[in-house]
Every structure is written in C-alpha cells, then in structure tokens.
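Q: Okay, predicted coordinates and the sequence, questions at the end:
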Amino acid sequence: MDKMFPPESVDEDIDRLINHWFSPSLDSDAQLVHGLRHIYKEDAALLKRVWRSLEQYDKLQYSSQHLSTQFYQRYEVSSQIIPLKRSSSKKKYPANQLFTVLAASIVGLFIVSSLAWILAMTYPAAPGAPKNVPAIPMMTSSSLSHFVRLTVHNDQSNATNYFTITYKGNDGKTEEYVACQAIPPLSWVDVKSSPDMPIEIPTGQTAWLRYFRSAKCNPSSMFLSVGLPIPAEPTYGQCWFNPDNITTPNWSGCVRFSQILSIHWY
Amino acid sequence: MSKSLTRLDQSHIASLYQSYAPELLQYIRRHVPSQEDAEDVLLEVFIAALEKTDLHKMSEQEQLAWLRRVAHNKFVDLHRRNIRRPSIALEDVQYELYNDDDAPELVALGHEQHALLRSHLASLPRIHQEVLRLRFAEDLHCPEIAKRLNKSDGAIRTMLSRILNALRNIYAHSEEETSNG
C-alpha cells in the first residue's frame, strides 16, 4: 500500500480529505479520516453533554439543600419554636420578678387542674374504655403520615424507554422506583390508557428523578435529574417542585418537561 | 464546558473530568456498545464521584482506579437491567429514523467500521489517543498540538503520520473483504 499522510504534509492531507470527500465508498483514506472525525466529535459532544448534566445535577443538588434549609427555617418560625437561651434567663427573670412568675405558675396549674376535674365529671369514660389514653393525639401534622405524590402524565412523545425515580432514605439506602414499565418493544404510548402514574415517596427523603431517553429525541438531552428534599410539612404553601423552573437543556425540543410532569401534595 | 465558571468548574471534579473522562469513556464503550448507555454510565460514575466527598484525598492513580471500579459496577448493573428489560440500541435503529435515503446495509457497514476503528483506538497508547483527539475533535493542527502537549512539531507530525498509516490498514482490509465477498 502506498504511504500516505507523510509527516511534512499530514495536516494538509487530513484537511483535504475532510473538505473534499465526494465518493465515500471508494476512498479508504477519506473513510478513515471521516471515521476518526466522527468518533472523536461524537465523543467530544457526549463529554460535553455529560458535563452539562453534571453541572445541572450539582446546581439542583445545591439549590435543593438550600431549599431544604429555608423550609426548615420557615417551619421553625411559623411554629414559633424559639430556642431557650439559658444564658439570658437571668436577665429575663431577675430576682425581684421571681415571686411573680412563681405565683402565676401556681395559679395556672390550679386553673388547668380544675378544668380537667370539671371535664372528667361532665364526660365520664364509657364502661370498658381503656384507661390512660393520652389527652393529645400522638400523631402530629409533621409525623410520618404524609407522602408526596408524583404524577407522571403521558405526553405524545413515543418510544420513551423508561422513567425512574431513585430516592435516598434517611438510612442512606438508595431505592429505585421504575415509574414506567413500558419499555421497548412496548413504548410510552402503551401506558396511554393510564395517564397518571402516582408514586408515593415518604416524607423526609430525597428523591432523584431521572428521565431517560426517547428514541425520537437526542437521548441525553432528555436527561433530567432533580434532587428533591421532601419536606414533612403538608401545608407548605408553595409548589414543592415546579417543572417550569427546570432549565435542563432540551436540545431536540420533543418534550417539554412541564407537559409531562407534575408533582403535588395529596 | 460552559463559559461562566460554576461551582462545579472550580471543584476537583472538573480537573478529574478533564483528565479522565475521555479515557473512561473509551473504557466504558468497550463494554457498553450503545452510545446512550455509555453516556448514562459515564454520568452515573461522575455523579458518584461528586457525592464521594473524600475522593480528592486519594492519589491520582487511586482516583482513576476508583472511577474504573464504579464504571465497572455501573455497567454490570446495566447489563442486569438489560437482561430484565431488553432494549434496542439507538444506533441499531437510527437508520430507520433518520437516514431514509441510505441503504441499511451501507449504514450497517459504516457502524461495523466505526466499531472496529474504536476497538483499534482503544488499544493505542494514551498519548496517541490524545493526539488524535486534539486533531479530530478539537481540529487543532500539528503546531498547536505540539504546543499543547509540550512536544516538538516534528514529533507530533511523525506520530500522527504513523498512527494514521497504521489505521489505514483497517479500511484497506475491510475494502478488500467487501470486494471479495
């Protein structure tokens, strides 16, 4: 075989083959150059996309931590949980006011016990009722009874492979939830009959929601990774997760996340 | 990578990514033929790296070994998943989706040649791969590559010439096989 690509003109030879390639099936040198170009360009684009996804992941991870901190701060304020400052207690209750505080406590105790006695006399316990029932239910609004419902709405985009939600529990274990079982040769369209696919994730956990590829779209562009701290407070005023705020690059424009995702309380 | 520096750009992950991601991608692609799966695996590996807070305490070699181990575990997981839920690689069907004008056998032949070329590239020394990457992915010419790699222009020209002549055989052989068969 003739020697090609001599060192002194290797750059020029490559450029020539890249720019003037008319008969691909005949010229093996052109095929080689185009093959190399194809492979390295493809890899470079892939590396770029992965890096963007990583950036997105990191940003969301950071903002979700921030959101979580904000939420708990807000929760503390709204619940008026004010930390007791031992060092300032002497200033708040100086010695000359100590007697007043003590007297008020005794009066308060007397009133509460009188009320309890009156209630007990007015509403006696039914025969056979269990004794020692706590006066205040143990279940509070922030206990474990709440879930977040994540609903995946079907879109017209077909051939979506699958949709998974991974959430990390407080114990650090990772659980994976495959939201859509419709995979090739089945497709996303096959779940059209049941458009809503609710997933229940217990509160106090972080969910990673990952949306995988659609054959019609550039696959990695469809990647969505969202770190979602699931707050324990069900009356959290704002939308916990607003898909419209997700700025994940959507190169192909086939699917808008806002059309396919909604997450809400129930 | 994006122009404005992000938090991630400034982290050790950025330099780790720049140094090892191309090599790791080659490693992954040897075991995961589908480009999309390779992309998923690579991303998962670096997400794991991002979450491993003490990674930067390791030596460079240990970091690479750790990344490879994670990649290995990820593509083992992927194979298990694929056994449970078989799927078709996009490369296998994309000629149906995009290339209506091309004959499927030509497209298939192209894929085969690319796969063969990839396997040859994977066996090249790291420096050769880097020269090819700079020439074909970043479109740098020999003097620029030489500057980037701290070598002489002549050395890079000779290296590139040798690599390309060695790789020419792949296409020459496949041409012969096509004309014989």
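A: Received it, and whenever you're ready, just let me know what you need. Worth saying up front: this structure is predicted, and the values here are computed from it rather than measured.

Q: and residue B:163, what does it touch?
A: Applying CB atoms under 8 Å, 6 or more residues apart in numbering or on different chains, we find residue B:163 in contact with B:124, B:128, B:131, B:132. All C-beta atoms are positioned from the backbone trio N, CA, C, and that covers glycine.

Q: Show me which of those residues is closest to residue A:33.
A: Nearest to residue A:33 among those: residue B:132, at 10.9 Å, using CB to CB.

Q: Surely the closest one forms part of a helix?
A: Yes: judged by DSSP: H, G, I helix; E, B strand; the rest coil, residue B:132 forms part of a helix.

Q: Counting neighbours, what do you get for it?
A: Using other CB atoms under 10 Å in any protein chain shown, residue B:132 has 22 other residues around it.

Q: Tell me the one among the contacts of residue B:163 nearest to residue B:74.
A: Closest to residue B:74, out of all of these and judged by CB to CB, is residue B:124, at 24.4 Å.

Q: What's the local residue count around that closest one?
A: 16.

Q: repeat for residue B:79
A: 13.

Q: spatially speaking, which residue is in the middle of chain B?
A: For chain B, residue B:26 is the residue whose C-alpha lies nearest the centre (CA atoms, centre = their mean; 3.8 Å).

Q: shouldn't that one be in contact with residue B:120?
A: No: shown here, residue B:26 and residue B:120 do not form a contact pair, counting by CB atoms under 8 Å, at 11.4 Å.

Q: returning to that earlier point: near chain A too, which of the contacts of residue B:163?
A: Applying CB under 8 Å from any CB of the partner chain, the subset of the contacts of residue B:163 adjacent to chain A comprises residue B:132.

Q: Quick check: the farthest pair among the contacts of residue B:163?
A: Farthest pair in the contacts of residue B:163 (CB to CB) is B:124 and B:131. Separation: 9.3 Å.

Q: before we move on, the earlier item: contacting residues for the residue nearest to the residue nearest to the centre of chain B when sequence neighbours are not counted?
A: Excluding the flanking residues, the one nearest residue B:26 by CB to CB, 6 or more residues apart in numbering or on different chains is residue B:122, at 5.1 Å. Shown in contact with residue B:122 (CB under 8 Å, 6+ apart): B:26, B:27, B:29, B:30.

Q: Would you format those as a markdown table with pLDDT included?
A: Output for the contacts of residue B:122, formatted as a markdown table (pLDDT from 0 to 100):
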| residue | pLDDT |
| --- | --- |
| B:26 | 86 |
| B:27 | 86 |
| B:29 | 85 |
| B:30 | 83 |
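
Q: would TSV of the contacts of residue B:163 with pLDDT be doable?
A: Below are these laid out as TSV (pLDDT from 0 to 100):
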residue	pLDDT
B:124	86
B:128	91
B:131	92
B:132	93
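
Q: Closest one of the contacts of residue B:163 to chain A?
A: Chain A lies nearest to residue B:132 out of those, by CB to the nearest CB, at 6.3 Å.

Q: What about residue B:114, how many residues nearby?
A: Close neighbours of residue B:114, defined as other CB under 10 Å, add up to 17.

Q: Residues in contact with the helix or strand harbouring residue A:17: which ones?
A: Here residue A:17, judged by DSSP states H and E, is contained in helix A:10-19. For helix A:10-19, contacts defined as CB under 8 Å, 6+ apart pick out A:4-6, A:27, A:29-30, A:33-34, A:37, B:135, B:141-142, B:157, B:160-161, B:164.

Q: still on that earlier bit, which among the contacts of residue B:122 count as buried?
A: The neighbour-count test (16 or more other CB atoms under 10 Å in any protein chain shown) applied to the contacts of residue B:122 identifies B:26, B:27, B:29 as buried.

Q: Give me the neighbour count for residue B:40.
A: Using other CB under 10 Å, the number of residues around residue B:40 comes to 24.

Q: these two touch, right, it and residue B:71?
A: No: at 11.3 Å, residue B:40 does not count as touching residue B:71 under the criterion of CB under 8 Å.
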